[in-house]
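A.B. asks: following is a predicted model, sequence given first.
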Amino acid sequence: MQCILTLDYELYFGNVSGTVEKSLIQPTTSLIDIARRHNVKFVFFIDAGYLFRLLDGRATSLAIEREYSLVARQLERVVIEGHDLQLHVHPHWEDSFHNGERWVMELTRFCLQDFSKIDATDVVRRYKLALSNFSDSADIIAYRAGGWSLQPFERLGVALKANDIFVDSTVYRGGTNIGPYSSYDFRNAPTKSMWRFETDPLIEKEDGFFIEIPITSTNVTPYYYWKLMVMKHYIKQQLLTCGDGTTAKSSKISMLKKILWPSTYCATIDGYKSSLLAHAFQKG
């Protein structure tokens, strides 16, 4: 079995964005050390909107300059170690800002679909350019949608094509969500490890411009979420997640479905959800 190990490099998007040290630098350093010991390489999907804001604000803010220095040194090390950097887009960075102490997240425009075709194309162009400070632009060919917000794809497809991005790795089969910031439905995705598509990532087309490399998914029972809620109540939050930030709130409908009916989630090492990895691996 061949595995592609991908990691999203990003801050939290809730009321507390988390510190760069505890949410990015420390966990990524640990992962790189583990990767070296086992001779494996990762694909890091870098939140390039965050990079763009760091580059844009470093000249006028000592706090942002400090964050940029920490992130830049780490990404340089990631590349030296032989890992791959690809494009992860959270366009809410267009509206978010640093108040002198921390990042304040504005999530009104959370998806690229919230922008016009022209503006979405420009967002991808600027974010790819920010990432190219650390990886050759020609090597940046893959994309992962922030919040899995891949649908509808038309506007997004135009923006990716215009910026020579032809690989997507967002879909996880069976996944579905209706949230306050993004919604998606991957239940009808092909049961393949790779396929081509053109205008709809769930409809295979042999000569399609785009290639989908989906994220492995796994079935989750309501018991898992009930157990998670109990653990969060009795165990300190930091034992269940990496970093010191808070996530954006899910919709009540989405959470209700999870605690009442079986659902699907992507295979991940994110906190307590890593307990599902063995099942996902056995499932293949």
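C.D. replies: Arrived safely. These numbers come from a predicted model, not from an experiment.

A.B. asks: contacts only, for the residue nearest to Gly147 when sequence neighbours are not counted.
C.D. replies: Nearest non-adjacent residue to Gly147, counting by CB to CB, 6 or more residues apart in numbering: Ser182, 4.0 Å away. Using the backbone N, CA and C atoms, a C-beta is placed for each residue, glycine as well. Ser182 makes contacts with Phe110, Cys111, Gly146, Gly147, Trp148, Ser149, as judged by CB atoms under 8 Å, 6 or more residues apart in numbering.

A.B. asks: now the residues you listed in a markdown table, with distance to Glu81, secondary structure and pLDDT?
C.D. replies: Listed next are the contacts of Ser182 as a markdown table, based on distance: CB to CB, whole Å; DSSP: H, G, I helix; E, B strand; the rest coil; pLDDT from 0 to 100:
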| residue | distance to Glu81 | secondary structure | pLDDT |
| --- | --- | --- | --- |
| Phe110 | 32 | coil | 96 |
| Cys111 | 32 | coil | 96 |
| Gly146 | 25 | helix | 97 |
| Gly147 | 28 | helix | 95 |
| Trp148 | 28 | helix | 97 |
| Ser149 | 30 | coil | 97 |
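
A.B. asks: most neighbours, which of these?
C.D. replies: Each of the contacts of Ser182 was scored for neighbours by other CB atoms under 10 Å, and Cys111 scores highest at 26 neighbours.

A.B. asks: that one reaches Tyr181, doesn't it?
C.D. replies: Yes - contact criterion CB atoms under 8 Å: Cys111 and Tyr181 qualify, at 7.3 Å.

A.B. asks: centre of the chain versus stretch 87-100, how much separation?
C.D. replies: Mean C-alpha position of stretch 87-100 versus that of the full chain (CA atoms, centre = their mean, to the nearest Å) differs by 14 Å.

A.B. asks: ends of that stretch, how far apart?
C.D. replies: 27 Å (CA to CA, to the nearest Å).

A.B. asks: re earlier: closest to Val89 among the contacts of Ser182?
C.D. replies: Nearest to Val89, judged by CB to CB, of the contacts of Ser182 is Gly146 at 5.6 Å.

A.B. asks: got a list of what the residue nearest to the closest one when sequence neighbours are not counted touches?
C.D. replies: Spatial nearest neighbour of Gly146, chain neighbours left out: His90 (3.5 Å); criterion: CB to CB, 6+ apart. By CB under 8 Å, 6+ apart, the residues touching His90 are Glu10, Phe13, Asp47, Gly49, Tyr50, Phe110, Gly146, Gly147.
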